[in-house]
Each structure stands twice: as C-alpha cells, then as structure tokens.
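Enquirer: coordinates only, sequence not included:
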C-alpha cells in the first residue's frame, strides 16, 4: 500500500529562492552593526552569514528603522516566536513545506528524515549551530527525567516508540522511525515551534551532566527554584523571550526583561537569510513592543502611535481604524481570517446530565439546532454582510474544500428544525411556547462562553431569537476562561460557544488533529479527548460509531506516507463533520485588520490570516518588512 | 504632641493589622486559588513537569495549610517553610501568574501610584481653596454659581467616562499619547527633562478626573465653613480695627475654616485612592489599579493581597498625616488628645 | 469687598427697639409651635427651591420604574437588523411650514465599503407621525401579565430612535428606560442594607456604650479608612460565576451596602450619645420603659430626619459604584440592563468618535446623582434646626 517515495525537498528555483555559495556574493553590512564591526566586536557580515544562506528576492528592501507595535500584557511578547516564523522547515505562501533553518531535508516515506544544516550557521552569540544542538536536546533534555518528566513530546512518538537519532556529522543528522510519522514535518512548521534543538553551548553550563551540580543547586535555591532542573528549564525558554542571554536563531533577539512597559528586540547579527542584493535580513533593525491595555489598541492605532499591529485588533475596530488613516498616515490592510467559523456552538457530547447527554448525542437535535439559525442575519449584523454563511469547515482556498461541506445541514429551515425536534419527542410546550424536556424542565440550553469576543456574545443574542421560534430557549452565561475550560473538562457544560476550527486552510499533509476526538480542549468532546491524551487513564472512550470513524481515519492518516491516502482521509473527515454537525458553525470570513504606517512595506495587500497554519503573518515573512525611506517616512528611533 | 503622635501610631498599627486580616479574608473568599486551578488543568493535559512545579510552589507558600495559618505566614508572624518571611520582613510574596516575586511585578507601579495620588491631593488644594474663597466672598454672584455648578457636575459624572472623553480630546487637541504616564519612547530611559514634561502632560487627565469629584466636595465644604466664620464677631472686629479686607480674611476666618478642611482631606483620601484605581484602570496607567484587577480575576492571591494592603496603608498613612496637620494647626485637638 | 454677606451686614439701626418685631406672634407662630417636627422639616425644605425641584425630578424617575414596559417605545431586547448604530432621530412638529404633529423623518441604511461604516440617509419628504397610547411590542408587565400597550410607539412600519441604536440595532432610549429600573433600585436596596446595618451597629454603640461602643467604633474607623473600589473589586470577584443574574444583582447591592454603613453608624452613634442624656429619656427610664422601647419610640424618631438626609446623600455613591463595577465587567452583565452595563458597552473610544450617542446613558446618571445630592442637602439643612 505504501509506495516508496523518496522526496527530496530542495529550494526550488521556481519559488525564486536560490542558493549561492558565499564567494559569489558581496554582502552589505547593516549600518546597525557598522560601529561594532569597526571596533572588532563583531566579525564582518560575510563571516557571520552561513556559507549557503537563503537568498530571497522580494520586491524591495532597505536597511534601517524601528517598528513599534503593541502587546496587551508583558507575557504576550512571546508571540514573536510565532510570527517571526523561524523554523527548521516552514510553509511558504502557497502552503508548501520549505526548509528554512535546514538546508536540505531528505524524507523517505515520512519515516526516515535526514536533515542537513547550513555550513557556517551560527547562533546569535556566535556559537556554531550544529547537530550537537539537536543531540543535546534529544538525549540530554527530552530524555532526561529531571528536565522532562513527561518525556519527549508526543508528536515524536509513533505507537509509543521513540525514533532513532543519529548524528552523521556536524551538519547532518537522521531521525528514523519504524512506522511513518507524517506529523513530524507539519508539527515543525506549526505556529508553535516545538523546538527539537537547543543552544547547547549556553545551556550546558546549567546542566548537571556538564557543570558542577552543587553549584547549580546553589544557584537554583537563590532564585527560589526547586533544583537545577527548574533553573535549566527557566533559562531554556525559546518561546517566552524572558532570557536575553539565551542565544536565538530568530531575526530579532530580546534585549530586556520584565517588568517593563517597552520590550526591545534587536536584529540578530547571525541571521541566515539575505536578499539578492546582499543585504542581510531582517531589514528592520529593531522590533519594539509596548505594553498597553487591550481596549486602547484601536484608539492608539487611530491616533497614529504605532507602526505595525495585527494581534489584538478585530473586525469591529475597522471603522475607527479607517477613520484615522488619512490624518495620521497609516493604512489598514484587511485580510480574511481563515477560521472554521467565527461563532461555533459545541454541544458537549460528554456532558454529565443524562437528559442533555441523550439530546446532544442525537443527530436530529444537532441538525435541528443548526437548521434553526438564520445565518444571513448573523452575517449582516456581525460581519457587515461580508462573511460566508455555513458550517464550521475549511475555507474555499484550501485544496480540500468542497461546496457541500459548507452548505450541508446549514440552510435556514425552521420548519424542518421544528419537525426534527418533534420527531425526537419534544412535542410538549409550555405557556411561553418553549418545548419541554421529558422530565418536565424547559428546553433551555445554557451556552457558556468566555465572553472575550463581543462577536460571539452578540451572535448568541441573535441566535437566542432564532431558536425561540422553534421552541428552544438559549441562556448565555459568560465565564472566566479558566473556569470554562475546567467545567468543560469535567463534563459540566451543556454547550459552549467559541470560535471554530483553527486551521481552516489545511493541505493533505497537515495532521487532522482538530477534526478527530483527540484533544480535551475541544468543547464538543472533552472527555473523549482526555481518554486519548492520557492514554486511557481519564475520560471516556468514544462510543458513537461516527465519531469512532473519525479516530480510525486519523490513525489511517498517521500510518501512511501516501499523499493521496492522506487527502482522502481528510475529505472523508470533513464530510463526516458536515453530516454529523459535531460542531455547529454559523458564519466565517471575518476580516483581520492589519495596521501599517505609510512607508512600511513588505506585506501583501490581501492574504489569508490565521493562527494555524499561517502563524499570523509568519508565512508572509515579516523579516522582509522594510521602511521605504523614499516615501519620506523615517522610522522613529 | 509626642504623646498624641505615639497614640495615633499605635492605633494605626492595630488598624493595619485588622485591615490585613480583612483583606486576606476577602482574597480567600473565592473558592480555589490560582495554583489549584492551574494544576487541575495541567493534570488533565498530562503536563507533569509543570504540575511538579506547581505542587512545589504550593508547599513553598503553604497553600495546603489552613487559612488562618496562611494568614499568619503571610504577615510574617508565623514561620513558613523558609522561616519568618512575610510582609513584616519585607517579603511581599510570590505572584503565581507572573511567576516572579511580587516586588518585581509591582515595582515602579507603586511609585507612580504615589505620584498620581499626591498630584491629585495637591491639585485639590490648589484649586479648591481659591475657588472656595472666591465663592464665599462673592456669594450668589455669577462666578459663585458657575463654580458650584462645575463642582456638582464633577461630583456626579462617573469618573471613568470623563477620563475616556478627556483622553480622547487631549489626544486630539494636544497630541498627548493615549494611555500610560509618559510617551512610550521614554520607557526604561533615565529621567530627562523631556521625559518629565511628557509625564506632566500625561498626568493632567488622571489628576483632573480623579480630583474633580474631590474638588467639588472640598469647595462645598470650604465655602460653607468660610461662610460660617465670616459671620462671626471677630471678623467684624478685625475689619472695624482697620485691617484691609483681604488681610482680615486670610488672617482670621481662613485659618479657622482650614481646620475642617484639613480634617476632611483625611476623610476624602479613601475616596481619592479608590477613584485613582478606577481611573488608572480606564486610562491603563502603569499604577497598581490594572495589576490589581487582573490579580483578582486570576486569583493570584499574594499579588492581590499586597496591592490591597498597599492601598490601605497609603490611605491610613494619609489620614495620619492629615490628623497630624490638624493637630499642629489646632491646639485644642493636640491638647485634648484626639477627637 | 463690599458685597460680603449682604445678609450679615452689620449696621446700627436708629429706630426704637420693638421686641415684638423680632418674634413671630399670632396665628402663624401658633401653628409654628404646634407643628410636629416632620411638618417643620417639610416647611423648611419647601423653602429650598432647588431641593424641591430635585425631589420632584426624582419622584418622576421613580414613578417610571414600575411602568418601564409601558413607557419605553420598544422592548428591551427588540432588535432591528437594518438599523445598526443608527444616529438619533429628531422629533419634529412642523413639516414644510405646516403643523403636522409629532413625527420623525425615516432614514435608510447603506454601507460605505471604503470606510466600513454604515451611512444613514434621511428622507425628508415623508414625515411619519408617531403614535400615542398604541399597541406596540409585546411584553410581560412585571413578568406576569402579557400586554402590548405603550405610551409612545414608533410609526407603523417605521422607526423612532430618539437616541439612536447600538451595535445590535436596539433602541437606546428604551434601554435607558429599562436600565433605570435596575440602577435606581440598586441605590434604594443598597441603602436599605446599609441603613439597617448602620442603625443596628450605631444604635448598639450609642446606647450601650462601654466596650461595645469601643469595639464598634474601631470597626467603623477601620472600614471608613479603606478605599472602597478595590474592596468592591475584590468582593465582586468573589461572587461565584454560576450565580443567576438576580442573585448577582442582590450580591452587588449587598456588597455596595456593606461598605457604606459606617458613615451612617457614626451619625447614629453620635446622635444617640447626645440624646441619651436628655431629660425625656431619663423620664422614660424612670417610668419603666424597656431599653428597646426607649430606643425605638423615643430616641430614633428624634434623629430619623438626619439619618434620612445622610442616607439620601449616600445613594449617589451606590449608583456610581454599580456603574463603575458594571463598567469594569465585575458587576451586572448583559442580558441584565442597567446604566452601568450600557456604559460598559460604550467603553471604547470608537464610541466617542463614531457613535457619540452611545454615551447618553451618562446623562440620567448625572441627573439622578445631582438630584439626590441637592435633595439630600436640602433635607440636611431642613433637618437641622440650628442652622
């Protein structure tokens, strides 16, 4: 069944990316480092760039400038590790996998992966980036019971088996599994970098195996940490950006720590991307994040106080953003947000109340609720009529899309909805016209939500009116998010309202984890998800045949390297969702505003925005953003 | 005087102790706490590394002990796992949400809170005294009515809305950046003249907004007191003896009417400080208000407890200062040993 | 500085002194001396014009409270999908020079894709008269009786958004009227809580004296020196998240009242202390009256007027407190409508810039707070015979 495919991913000339050896290029020193190079504190740029860097050919690019953006809390600076999108292998704009930090990937059957690093690639502190960094992670961190009590990350295990890791030389390594692991590469290209490598030269100083354990324990105690492992883990955070001393491979590195209201990221002198003119990316010298209350983001953008902003702005902010454009000299890009749906209803199939449990599991009930929603009105009220009405499913740009995925069971048909509810047996109504449950209670669905999105809350207000016409009462209950999640995990929620699928532009190679009952943070099947995540210790086993089919399909996907098989699995899973309405979708296609000051260029006018798989603006390469000085807009210092 | 001071100090300490108990009780009211909530979630996700850390923290901060023991440990009267280490010893606790000591989280915010409140008190004095004098001496004139009217409006308008509106117009007309206490580019930089100017321009809105309600109350009080005094005999005598009207006013009735004025500042402090918390929330100033709100929402108990204590201490000390001022001003109180 | 207290100007009157001229005699003084304290208070209060006006305004507001369903032109939840963020419609009387009666000009929504805004074009050609005493949206009067009579209704097939609409197309005026019910009630219920507590503790302290007095005094001092908002925040955060809106409502009122009673208690206590030594109390004691009777029958009525004045002056802070809490998201939340909740929904600067009518709920808040303040001032002046 598995045909042996030897796929070699090279940097294809078709995408305009070329590999040149160093001597064929002259590099231009970024003015930001000119002084340091002159004082011999930094080697000149030609020695800092790997021998085979990635050469990009963007439409324009000039050195210089700072970009000011906002975060709502100090912790949120960690999202730069998402959208700076520096990965071993990443998606390009057409969602194809391309090596980024890696020079070459040899993929045999999704089972044997041979990675080649770039010669001369260094960390931001000048230490070489070699396979030793991978070995350190794999043997000394992931499999060290003190540092990782839970063991290596789940996506690296197939049927509970770890791969075999071999260091072939200082630039080449190989991971070998007995059975295919098709999740491996997509996970490495995901919005949250799993990080299977570490800055070993720096971290070895804090590892008990390589340094004096007693001294480390002493240091740990001084920092109020339990032991050397906690100290190591605290310093080793590639994502949180709290350790300015930790070397990085990202285009910018953090230079100060909390508490602060302004966080400054400076360019990484050893970054591995250059443009065809010999300039080392990123173009922008510093990325500056100011902490400000979330509610003031739109106001500050409107007042012209920021250079770039996307996370924290919503579609409802667009009118006020547009208002200030001319006066303050910025523009608002409107990118479609690729999400399954903006407002999804998750009937909890594992709820503990027996009456609701039975109803939620009844396909006719879910279908009726879906048919009873007037999506057109929702669209007009919430998305200015610009959204797409229909199910919680993938967007049209995805190769796996089919029109009936969106429309099946998603029309507005209150009569049919009523008929289905009657068929279930909910024929009795009380004086107000609300149907009664078999035990005499009103058919009042308590929909819990974390209340953070006004769109969801408003949508629920509208849906409550639609459902009243078919005899169902809806009660909205805002909860704190942690409380909501805990209640869901415990099976106490009847229905939850939240956004739909995160990854709405999947391709066949991306794992369909969201669409199978694999995770407990899906509000529709928290206990089934728990069962899978804890390997049977908690939760309940899946007992609805259609949902079981989803698990089977997922395992089929997991065990194959064949692209056609994977695409078929996806299609069947998507269809399964449309037919069974596990999650009821309403309208999709909100617009994500992206504010860019005039003169700041480099992002496309219109592109799909999402968390997964585009890593916000990640796949559009923010390291290629630049200030066009000719436009007369000098960056602030 | 010394005895008076000592007596007030002792009362103050007792008051603070009781307040700390009250604060702790309120903090512990919501069921569960940050760590237990977090553990429940982590356990469900199978993240045993973080669970171990959380359990370690629970032991470290004694969250598994009964509430009254936790309180005493927090204060510093009972030894915790690390010996005596509580508020009295200067250890302000650990913030679970930020995963660092409380003192690092609040740090600068404390100074800025102090600064804002001080600015408001000064503002109230500077503004209300002249207006009150003017109002009392030109009673029923147009100026009097206007002043009273503005005062009342300030009293009745919810401060947060006023803050938002003023914020917007300050930005529109004067280019003052939105939110924060100084322009973002000065963050982390040393105090230059430019930074101070930026600070002052940002202080205008919060001071105005918080101070408005207090100013209104003060003006009314001061005006009523002054009117009382102006009808008294000694003032007539002073004028009859040939003292000019201004001098006569400032030398006698004014000083008398200052008494209740100073006393009322003490009464006003709790309202002022609570008002400043609200306004700083809305304007997202880097003071303790926003930190408190998020700490309360996430049940980060030591952080929330510390901030509440800080605010209470500020209030109590402020009242002490006003009592002292009053005692200095009015010998009757000093010798009578308190009200 | 010649205009200093014209009422207190000192001068020497050359006319001979007539004792009768300084004291009221005759029928007027007769009734004056025979009037009960309440009547005296009323007469004095009546002279304070502003306070009377304030009291009248408040009366109107509170009269609206039981009848909000009838007075509001729309239902609380009535939505118009075609009129989102619609600006206020003015009510005109004259159309093209002729008197037509109260009417509105209709408008239609169109969407400006350039600026992502809804634009409303007014049609000045066709006036639509509004109706009175008509049948409009259905409602449940006091939650019991189904009815649909309204005082004022929009024109048939038309709209009447006197204060504009919000983001779901709900009429703001109607929501403000419904919000009055909650906001005004909170003030009164909160005061009831703090009144009871203040009376109880103040009475104990004042009458019993001794260590009870001491303890309660300390308690009062401590509570008064606490800043209210942070405590309100903490207490509101302690409200269990799964409480129904009604429970949350009562929870909030109790929280607001809990921090307010010290002021009242102090007033009660000081009045009791001064009155305790009076002769009539002694007489009652000698006649064998029990402590409760003395407190209830003799002492309390004597300073009730002061208490009422103080209480009245506390209501505004409760209303403002609820507004602040709901604004922060810790008080009431939708679907409960109060003025604070309405202001919360108008919180971001977009409201100030693009839809300023959303800030209108601030006006009734200001009016009510001012009215309570003026009325309270008047009551206090009237209650104190020595002023």
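Expert: It's in. Since this is a predicted model, take the numbers as computed values, not measurements. Numbering: from 1, shown residues only, chains lettered A, B, ... in the order given.

Enquirer: for the record, mean pLDDT for the strand or helix carrying residue B:17?
Expert: Assigned by DSSP states H and E, residue B:17 belongs to helix B:2-28. Helix B:2-28 carries an average pLDDT of 83.

Enquirer: Can you give me the buried ones in that helix?
Expert: Under the neighbour-count criterion of 16 or more other C-beta atoms under 10 Å in any protein chain shown, helix B:2-28 has B:4, B:8, B:11-12, B:15-16, B:19-20, B:22-24, B:26-28 buried. Glycine gets a C-beta too; all of them are placed from N, C-alpha and C.

Enquirer: could these be laid out in CSV, adding distance to residue A:61?
Expert: Shown next, in CSV, are the buried residues of helix B:2-28 (distance: C-beta to C-beta, whole Å):
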residue, distance to residue A:61
B:4, 73
B:8, 69
B:11, 69
B:12, 64
B:15, 65
B:16, 61
B:19, 60
B:20, 59
B:22, 61
B:23, 56
B:24, 58
B:26, 57
B:27, 53
B:28, 57
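
Enquirer: Just to be sure, residue A:448 is in a helix?
Expert: No - Residue A:448 is assigned strand when assessed by DSSP: H, G, I helix; E, B strand; the rest coil, not a helix.

Enquirer: wouldn't it be in contact with residue A:485 here?
Expert: No - using C-beta atoms under 8 Å, residue A:448 is not in contact with residue A:485, being 10.3 Å away.

Enquirer: more neighbours, the two?
Expert: residue A:448 (26 against 22; other C-beta atoms under 10 Å in any protein chain shown).

Enquirer: What sits closest to the more buried one if chain neighbours are left out?
Expert: In space, and not counting its chain neighbours, residue A:448 is closest to residue A:477: 4.8 Å by C-beta to C-beta, 6 or more residues apart in numbering or on different chains.

Enquirer: and the one you found, what does it touch?
Expert: For residue A:477, the contacting residues are A:446, A:447, A:448, A:449, C:242, by C-beta atoms under 8 Å, 6 or more residues apart in numbering or on different chains.

Enquirer: Are the helix holding residue B:17 and chain C in contact anywhere?
Expert: Yes - residues of helix B:2-28 are located near chain C by C-beta under 8 Å from any C-beta of the partner chain, namely B:14, B:15, B:18, B:19, B:22, B:23, B:26, B:27.

Enquirer: Now do the same contact list for the last one.
Expert: When you say that, I think you mean residue B:27. Residue B:27 makes contacts with B:301, B:304, B:305, B:308, C:234, as judged by C-beta under 8 Å, 6+ apart.

Enquirer: how many neighbours does the third one have?
Expert: Under the neighbour criterion other C-beta under 10 Å, residue B:305 is assigned a count of 24.

Enquirer: again with the one 10 residues further on
Expert: Using other C-beta under 10 Å as the criterion, residue B:315 is surrounded by 24 other residues.

Enquirer: Model confidence score at it, please.
Expert: 78.

Enquirer: Name the nearest of the residues of helix B:2-28 next to chain C relative to chain A.
Expert: The closest of these to chain A turns out to be residue B:27 (C-beta to the nearest C-beta; 16.3 Å).

Enquirer: distance of the closest one from residue A:523?
Expert: Look at residue B:27 and residue A:523: by C-beta to C-beta, to the nearest Å, they are 30 Å apart.

Enquirer: And residue A:324, by the same measure?
Expert: 37 Å.

Enquirer: For chain C, what is the nearest residue in the stretch 501-637 of chain A?
Expert: For the stretch 501-637 of chain A, C-beta to the nearest C-beta, closest residue to chain C: residue A:591, 8.8 Å.

Enquirer: Once you drop chain neighbours, what's closest to that residue?
Expert: Excluding its sequence neighbours, the residue lying closest to residue A:591 (C-beta to C-beta, 6+ apart) is residue A:334, at 4.4 Å.

Enquirer: tell me what the helix or strand encompassing that neighbour is packed against?
Expert: Assigning secondary structure by DSSP H and E places residue A:334 in strand A:330-336. Other helices and strands packing on strand A:330-336, by 3 or more C-beta pairs under 8 Å, 6 or more residues apart in numbering or on different chains; DSSP states H and E, are helix A:318-323, strand A:591-597.

Enquirer: Next SSE downstream of the first one?
Expert: Stepping forward along the backbone from helix A:318-323, the first helix or strand reached (DSSP H and E) is helix A:325-328.

Enquirer: And the average pLDDT for the biggest strand by length in chain C is what?
Expert: Across chain C, the longest stretch assigned as strand under DSSP state E is strand C:131-141. Strand C:131-141 carries an average pLDDT of 81.

Enquirer: Next, the buried residues of that strand.
Expert: Neighbour counts over strand C:131-141 (16+ other C-beta under 10 Å) mark C:131, C:134, C:136, C:137, C:139 as buried.

Enquirer: For that strand, what is the distance to the chain centroid?
Expert: Centroid displacement of strand C:131-141 relative to its chain, using C-alpha atoms, centre = their mean, to the nearest Å, is 26 Å.

Enquirer: List of residues touching that strand?
Expert: For strand C:131-141, the surrounding residues in contact (C-beta under 8 Å, 6+ apart) are C:69-70, C:73-75, C:78, C:146-156.

Enquirer: Quick one: name the residues of the stretch 301-450 of chain A near chain C.
Expert: Counting by C-beta under 8 Å from any C-beta, the residues of the stretch 301-450 of chain A close to chain C are A:302, A:316-320, A:322-323, A:377, A:380-381, A:384-385.

Enquirer: Show the end-to-end separation of stretch C:79-88, please.
Expert: Terminal residues of stretch C:79-88 lie 16 Å apart, using C-alpha to C-alpha, to the nearest Å.

Enquirer: can it be found next to chain A?
Expert: Yes - using C-beta under 8 Å from any C-beta, stretch C:79-88 reaches chain A at C:79, C:81, C:84.

Enquirer: Please identify which of those residues is nearest to residue A:120.
Expert: residue C:84 (59.1 Å; C-beta to C-beta).

Enquirer: what's the neighbour count on that closest one?
Expert: Neighbourhood size, residue C:84 [other C-beta under 10 Å]: 20.

Enquirer: Then residue A:332?
Expert: Other residues lying near residue A:332 total 21 when counted by other C-beta under 10 Å.

Enquirer: beta partners for it?
Expert: residue A:595 (DSSP bridges).

Enquirer: what's the answer for residue C:165, then?
Expert: Judged by DSSP bridges, the bridge partners of residue C:165 are residue C:171.

Enquirer: my read: it touches residue C:82, true?
Expert: No - applying C-beta under 8 Å as the test, residue C:165 and residue C:82 come out as separate, 10.1 Å apart.

Enquirer: Of the two, which one has the most company?
Expert: Taking neighbours as other C-beta under 10 Å, residue C:165 and residue C:82 compare with residue C:165 leading, 27 against 13.

Enquirer: so what's the more buried one up against?
Expert: Contacts here follow C-beta under 8 Å, 6+ apart; on that basis residue C:165 touches C:80, C:83, C:84, C:85, C:86, C:171, C:172.

Enquirer: Only whichever of the residues you listed are buried, select them in ChimeraX.
Expert: Remark: buried members of these, expressed as a ChimeraX selection using 16+ other C-beta under 10 Å:
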select /C:80,83,84,85,86,171,172
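
Enquirer: picking that back up, on the pLDDT front, check the residue nearest to residue A:591 for me.
Expert: Reported pLDDT for residue A:334: 93.

Enquirer: For the helix holding residue B:17, what is the distance to the chain centroid?
Expert: 17 Å.

Enquirer: Please go through the chain and pick out the longest helix.
Expert: Just so you know, I chose chain A. Longest helix in chain A by number of residues (criterion: DSSP state H): helix A:563-580.

Enquirer: To clarify, I was referring to chain B.
Expert: With secondary structure taken from DSSP H, chain B has its longest helix at helix B:193-230.

Enquirer: Nice, that's everything, thank you.
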